[in-house]
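Colleague: Fold the following.
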Amino acid sequence: MRCYCGLPTIFKQCCEKFINQSKIPETAEQLMRSRFTAFKLQRFQYLVDTYQTKLPLKTSDFDTSIQWLGLKVIAIDRGEKSDSQGFVEFVAFYQSVKPEHLGKFEQLHEKSYFEKIDDKWFYINGAPLVKIKLVRNEPCFCNSGKKYKKCHGV
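Modeller: Residues are numbered from 1 along each chain as shown. Below is the predicted model:
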């Protein structure tokens with residue numbers, strides 16, 4: 001099974017090792033992708049453990065009515081193994097599983113800021129950006145292998 005983060009890699013060889021915390025992400029992009037996958041799988045403890053904040057965060061703070069569908073990385077600025085900070089711009093596609101929202105797809109377009117503290121990457125915060133326009137002939141955000149127009153674009 002391909003990984004939920006959008007890379008053409010098997011889940012077990014990609015984000016699962018980070019979410020299970022048998023290995024730590026070496027880059028800000030790996031952390032961002034594994035955090036998306038944790039949102040999708042509702043593995044909220046991983047999100048708590050990789051978020052650097054002054055406010056207390058609990059697993060019960062997360063919305064379980066959201067179904068995360070796909071991820072598109074737009075740009076990466078620093079955040080490599082040798083860096084101490086980095087930014088990842090991405091779009092995450094989702095829908096609410098509440099009956100009144102079924103069939104309506106939304107997107108979170110964000111530029112996220114990450115810091116490496118004691119050799120471990122953490123999500124610090126994110127700046128929301130305007131929604132992107134999806135192109136009919138590009139691959140669908142859900143990683144189905146179909147074009148957007150033949151999948152979620154109908």
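Colleague: In contact with the closest residue to residue 40 other than its chain neighbours, which residues?
Modeller: Once flanking residues are discounted, residue 40 sits nearest to residue 68: 4.1 Å by C-beta to C-beta, 6 or more residues apart in numbering. Where C-beta positions appear, they are placed from N, C-alpha and C, glycine not excepted. In this structure, residue 68 makes contact with 4, 36, 39, 40, 92, 93, 94, judged by C-beta atoms under 8 Å, 6 or more residues apart in numbering.
Colleague: The second one: what secondary structure?
Modeller: Local secondary structure at residue 36 is given as helix here, using DSSP: H, G, I helix; E, B strand; the rest coil.
Colleague: so how far is residue 138 from it?
Modeller: Here residue 36 is placed at a distance of 19 Å from residue 138 (C-beta to C-beta, to the nearest Å).
Colleague: Comparing those two, which shows the higher neighbour count?
Modeller: Under the criterion of other C-beta atoms under 10 Å, the comparison of residue 36 against residue 138 puts residue 36 first, with 22 against 12.
Colleague: Just confirm residue 28 contacts residue 87, I think it does.
Modeller: Yes: under the criterion of C-beta atoms under 8 Å, residue 28 is in contact with residue 87, at a separation of 7.4 Å.
Colleague: that older thread, please flag which of the contacts of residue 68 sit within strands.
Modeller: Among these, the members falling in strands are 92, 93, 94 (criterion: DSSP state E).
Colleague: Could you find the closest non-adjacent residue to the most centrally placed residue in the chain?
Modeller: With the centre of the chain defined as its mean C-alpha position, the nearest residue by C-alpha atoms, centre = their mean is residue 36, 2.4 Å away. Beyond its immediate neighbours in the sequence, the residue positioned closest to residue 36 (C-beta to C-beta, 6+ apart) is residue 71, lying 4.7 Å away.
Colleague: For that neighbour, name its beta-bridge partners.
Modeller: residue 92 (DSSP bridges).
Colleague: Quick one: classify the residue lying farthest from the centre of the chain as helix, strand or coil.
Modeller: Most distant residue from the mean C-alpha position of the chain: residue 100, 24.6 Å away (C-alpha atoms, centre = their mean). Secondary structure assignment for residue 100 (three-state DSSP): helix.
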